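Undergrad: Got a sequence here, can you build the structure:
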Amino acid sequence: MASSGSSDVELTRSVADFVVGTQAGDLPDAVVELGKKHILDGLGLALSGSVARSGELVRRHLDDLGLAEGSATVIGGGRKVAPRFAAFANGVGIHADDYDDTQLAVAPDRVYGLLTHPTAPALPAAFAMAETLGADGRSFMLAYHLGVEVECKIAEAIAPRHYQTGFHATATCGTFAAAAATAKLLGLDVDATRRALSIAGSQSAGLRENFGTMTKPFHAGRSSESGVAAAQFASYGWTAAGRILEAPRGFFNAAGGGYDVNAIYGKLGAPWTFVEPGISIKPHPSGSLTHPGMTEMLRLIKANDIRAEDVVRVRVGTNSNMPNALIHHRPKDELQAKFSMEFCMAILLLDHRAGLAEFTDAAVEREDVKAMIEKVDFVIDDVAEAAGYHLMTTIIDITLKDGRTISGRADFGKGSPAFPMSYDEVAGKFRENAEFAGMAADKASRIVELVHGVDRLASLDELAELLIVA
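TA: Residues are numbered from 1 along each chain as shown. Prediction:
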């Protein structure tokens, strides 16, 4: 693990060079097509998140600020505000149900939770600023991809201590994503982009103690807003340090105690994170660490016709870092349930599905769910531990009344690059989320069509108009 004291690399400058120098034609076709799935997924989540309790409170906050006019759409909310506040609202919405995409790790010591939900900070910033500036779809997509790439490489580079001691990487690294995306759309030069990243670094914040509360999605919204503001201030000529990532008192050392320079220097776009190792899309609205186990549990239920009433005990074994995020063993509400391996296993055994309709306070309060949770043992497993923290190895043993034990193992879940969702499958998820928000089916279908060709749009005007439900 290198620190700033052992490297003379102008790391922040290299990130700024990448943001300024990369053009739309530099994006590989595979990256463009993958990005479309994630943009569609993010827009659908902003819709469903807009009808969450947090969405209502965000709109109340916007009203309290007296934001009567603006140029950027609050998705689902039927209003336009200044771009930084649209980025905040839509970032909260995308992350409200913990249903958004998840970066995969590269190095074996990279704890999965250390990494980020990359679209939640990057997409709202890019969308708000592109809409405000009247940018075309190609420019919007490039800004989104640059934001995601910067965010993911920064998350991969910072020392694991960052996450392990309590920082929420989506909040901290996401601020750089939003700054990079906004800086690109504003056409900032290298010096101004470097200052934008530096201003973003001083706003980087978010603590994991707030997992299972509304403050977790608040992190995503605030990181997106902060990145937009950082780039705007840089465009005015606001001054800031030039080495915010690598300096002894900079982001990597202050927030992580060090970093791996080789995980980021020369690695931006080489390869693009979307291609290698890839970014997962969630099939369930719960913490990503539950997904390999949920995928395998569903497979075991279907393959063995397992009935809930026949289950005596369930053992779920993972590495020692996964319980650090899945902290709610007896959840009290829907937000805590998203970070409860026990709830996720229980609801699948009982209902054979786990979508937005299952992650509700009413479901958490069901007596059959509480009883099934008591049958689930969530433990550290030696085999899963030995597999490495870059995997989400989950080992399941289901003991039945007839004496049988049904067992399975998964390192990745549905939606991961190893088990990907197609554009049509993501479109199905989008339509469910849009319907959940009260959107008509024909409008949802048109959005699916527009996003599929987003790189050919002359502007985002039609797409933005369709994303207003109220």
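Undergrad: how much space between residue 146 and residue 350?
TA: Counting by C-beta to C-beta, to the nearest Å, the gap from residue 146 to residue 350 is 44 Å. To be clear about C-beta, it is placed using only N, CA and C from the backbone, and glycine gets the same treatment.
Undergrad: okay, the two: which has more neighbours?
TA: Neighbour count, other C-beta atoms under 10 Å: between residue 146 and residue 350, residue 146 has more, with 26 against 20.
Undergrad: residue contacts, the more buried one?
TA: Residue 146 makes contacts with 18-19, 22, 180-181, 184, as judged by C-beta atoms under 8 Å, 6 or more residues apart in numbering.
Undergrad: Widest-spaced pair of the residues you listed?
TA: 18 and 181 (12.7 Å; C-beta to C-beta).
Undergrad: neighbour-wise, which of the two wins?
TA: Shown here are residue 18 and residue 181; by other C-beta under 10 Å, residue 181 has more neighbours (36 against 22).
Undergrad: could you give the mean pLDDT of the helix or strand residue 178 falls within?
TA: Residue 178 is part of helix 169-186 when elements are defined by DSSP states H and E. Mean pLDDT, computed over helix 169-186, is 98.
Undergrad: which other helices and strands contact it?
TA: Helix 169-186 sits against helix 11-21, helix 83-95, helix 119-133, helix 137-157, helix 161-164, helix 190-201, helix 215-236, with contacts defined as 3 or more C-beta pairs under 8 Å, 6 or more residues apart in numbering; DSSP states H and E.
Undergrad: I'd like the ones you listed written out as JSON lines, with mean pLDDT and distance to residue 446 added.
TA: Output for the helices and strands packed on helix 169-186, formatted as JSON lines (pLDDT from 0 to 100; distance: least, C-beta to C-beta, whole Å):
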{"stretch": "helix 11-21", "mean pLDDT": "98", "distance to residue 446": "32"}
{"stretch": "helix 83-95", "mean pLDDT": "98", "distance to residue 446": "19"}
{"stretch": "helix 119-133", "mean pLDDT": "98", "distance to residue 446": "17"}
{"stretch": "helix 137-157", "mean pLDDT": "97", "distance to residue 446": "15"}
{"stretch": "helix 161-164", "mean pLDDT": "90", "distance to residue 446": "40"}
{"stretch": "helix 190-201", "mean pLDDT": "98", "distance to residue 446": "34"}
{"stretch": "helix 215-236", "mean pLDDT": "98", "distance to residue 446": "25"}
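Undergrad: Let me have the ones you listed in TSV, extended by distance to residue 307.
TA: As requested, these are arranged in TSV below (distance: least, C-beta to C-beta, whole Å):
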stretch	distance to residue 307
helix 11-21	54
helix 83-95	35
helix 119-133	37
helix 137-157	42
helix 161-164	39
helix 190-201	52
helix 215-236	34
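Undergrad: right, so of these, which gets closest to residue 208?
TA: helix 161-164 (7.4 Å).
Undergrad: Restricting to C-alpha, output the closest one in CSV.
TA: Extracted in CSV, the C-alpha atoms of helix 161-164 (Å, rounded to 0.1, in the frame of the first residue of the first chain):
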residue,chain,number,x,y,z
ARG,A,161,-9.2,1.0,6.3
HIS,A,162,-11.4,3.7,4.7
TYR,A,163,-14.5,1.4,4.7
GLN,A,164,-13.6,-0.7,7.7
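Undergrad: Report the residue ranges of every domain in this structure.
TA: 4-282+424-466, 288-410 (automatic domain parsing).
Undergrad: Residue 417 is nearest to which of those?
TA: domain 4-282+424-466 (3.1 Å).
Undergrad: Give me the local confidence score for residue 98.
TA: At residue 98, the pLDDT value in this model is 88.
Undergrad: Distance from the chain centre to stretch 214-227, please.
TA: On the basis of C-alpha atoms, centre = their mean, to the nearest Å, stretch 214-227 sits 11 Å off its chain's mean C-alpha point.
Undergrad: go on, stretch 15-24?
TA: A distance of 23 Å separates the centroid of the chain from that of stretch 15-24, by C-alpha atoms, centre = their mean.
Undergrad: list the buried ones in it?
TA: Within stretch 15-24, the residues that qualify as buried are 15-16, 18-20, 22, 24, counting by 16 or more other C-beta atoms under 10 Å.
Undergrad: same thing with stretch 333-348?
TA: So, applying 16+ other C-beta under 10 Å, buried residues of stretch 333-348: 334-348.
Undergrad: Let me see the contact set for the closest residue in space to residue 233 that isn't next to it in sequence.
TA: Spatial nearest neighbour of residue 233, chain neighbours left out: residue 199 (5.6 Å); criterion: C-beta to C-beta, 6 or more residues apart in numbering. Listed by C-beta under 8 Å, 6+ apart, the contact partners of residue 199 are 179, 229-231, 233-234, 238, 240.
Undergrad: now swap in residue 159 and tell me
TA: Residue 159 neighbours (C-beta under 8 Å, 6+ apart): 1, 252, 256-260.
Undergrad: Looking at those, which is nearest residue 244?
TA: residue 252 (9.2 Å).
Undergrad: I'd assumed residue 289 was in a helix, is it?
TA: Yes. Membership of residue 289 in a helix is supported by DSSP: H, G, I helix; E, B strand; the rest coil.
Undergrad: So it is in contact with residue 327, correct?
TA: No. At 10.7 Å, residue 289 and residue 327 do not qualify as touching, with contact defined as C-beta atoms under 8 Å.
Undergrad: Looking at those two, which has the bigger crowd around it?
TA: More crowded of residue 289 and residue 327, by other C-beta under 10 Å: residue 289, with 25 against 16.
Undergrad: Please tell me the pLDDT value assigned to the more buried one.
TA: 90.
Undergrad: Just give the closest residue to it, not the sequence neighbours.
TA: Using C-beta to C-beta, 6+ apart, the nearest residue to residue 289 is residue 322, at 4.8 Å.
Undergrad: and the gap between the one you found and residue 158?
TA: On the measure of C-beta to C-beta, residue 322 and residue 158 end up 20 Å apart.
Undergrad: Stretch 414-424: how far from the chain's middle?
TA: Using C-alpha atoms, centre = their mean, the offset of stretch 414-424 from its chain centre is 16 Å.
Undergrad: and it, C-alpha only, in PDB?
TA: Written as PDB, here are the backbone C-alpha positions of stretch 414-424 (Å, rounded to 0.1, in the frame of the first residue of the first chain):
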ATOM      1  CA  LYS A 414     -27.700 -12.400 -10.600                       C
ATOM      2  CA  GLY A 415     -27.000  -9.100 -12.200                       C
ATOM      3  CA  SER A 416     -23.200  -9.400 -11.800                       C
ATOM      4  CA  PRO A 417     -20.900  -9.500 -14.900                       C
ATOM      5  CA  ALA A 418     -20.600 -13.300 -14.300                       C
ATOM      6  CA  PHE A 419     -24.400 -13.600 -14.400                       C
ATOM      7  CA  PRO A 420     -25.500 -10.400 -16.200                       C
ATOM      8  CA  MET A 421     -29.000  -8.900 -16.800                       C
ATOM      9  CA  SER A 422     -29.700  -8.100 -20.400                       C
ATOM     10  CA  TYR A 423     -31.100  -4.700 -21.500                       C
ATOM     11  CA  ASP A 424     -34.500  -6.300 -21.800                       C
END
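Undergrad: Nothing else from me, thank you.
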